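Participant: The sequence and its predicted three-dimensional model are supplied below.
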Amino acid sequence: MENQNTGSNSLYFLPLLLLATKPDVEYKLAHMSAVLKALQETAQVFRAGLQNFQAGTARPPK
């Protein structure tokens with residue numbers, strides 16, 4: 001049986017090949033990874049704060 005992901009995996013080959021030819025790509029990818037990690041942590045903190053706010057402002061049942 002043929003693997004269905006073969007076509008989508010080959011789509012990654014050309015961009016990776018192009019990135020590999022750039023001399024500073026590892027630095028830029030590391031920087032982008034750090035930015036994405038900071039955004040992820042910010043979203044988690046924001047979500048937790050929003051949930052705490054909603055829990056604190058919810059009306060108690062009668």
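Facilitator: Now that the structure is in, tell me what you want to look at.
Participant: V25 - how many residues pack around it?
Facilitator: 13 (other C-beta atoms under 10 Å). Any C-beta I mention is one placed from the backbone N, CA and C, and that applies to glycine too.
Participant: distance of it from Y12?
Facilitator: Plainly put, V25 is 15 Å away from Y12 if you go by C-beta to C-beta, to the nearest Å.
Participant: buried stuff in the helix or strand encompassing A43?
Facilitator: Assigned by DSSP states H and E, A43 falls within helix 25-57. Residues of helix 25-57 include none that count as buried (16 or more other C-beta atoms under 10 Å).
Participant: What residues does P23 make contact with?
Facilitator: P23 makes contact with no residue under the criterion C-beta atoms under 8 Å, 6 or more residues apart in numbering.
Participant: For it, give me phi and psi.
Facilitator: P23 adopts backbone torsions of phi -70, psi -30, taken as degrees, to the nearest 10.
Participant: same check, this time on T21
Facilitator: phi -80, psi -10.
Participant: what's the answer for the one 3 residues further on, then?
Facilitator: Phi and psi for D24, reported as degrees, to the nearest 10, are phi -110, psi 20.
Participant: That one - how many residues pack around it?
Facilitator: So D24, with other C-beta under 10 Å, has 8 neighbours.
Participant: so how far is F46 from it?
Facilitator: D24 is 32 Å from F46, by C-beta to C-beta.
Participant: tell me the centre residue of the chain?
Facilitator: L36 (5.9 Å; C-alpha atoms, centre = their mean).
Participant: ok, now which ones touch that residue?
Facilitator: Shown in contact with L36 (C-beta under 8 Å, 6+ apart): no residues.
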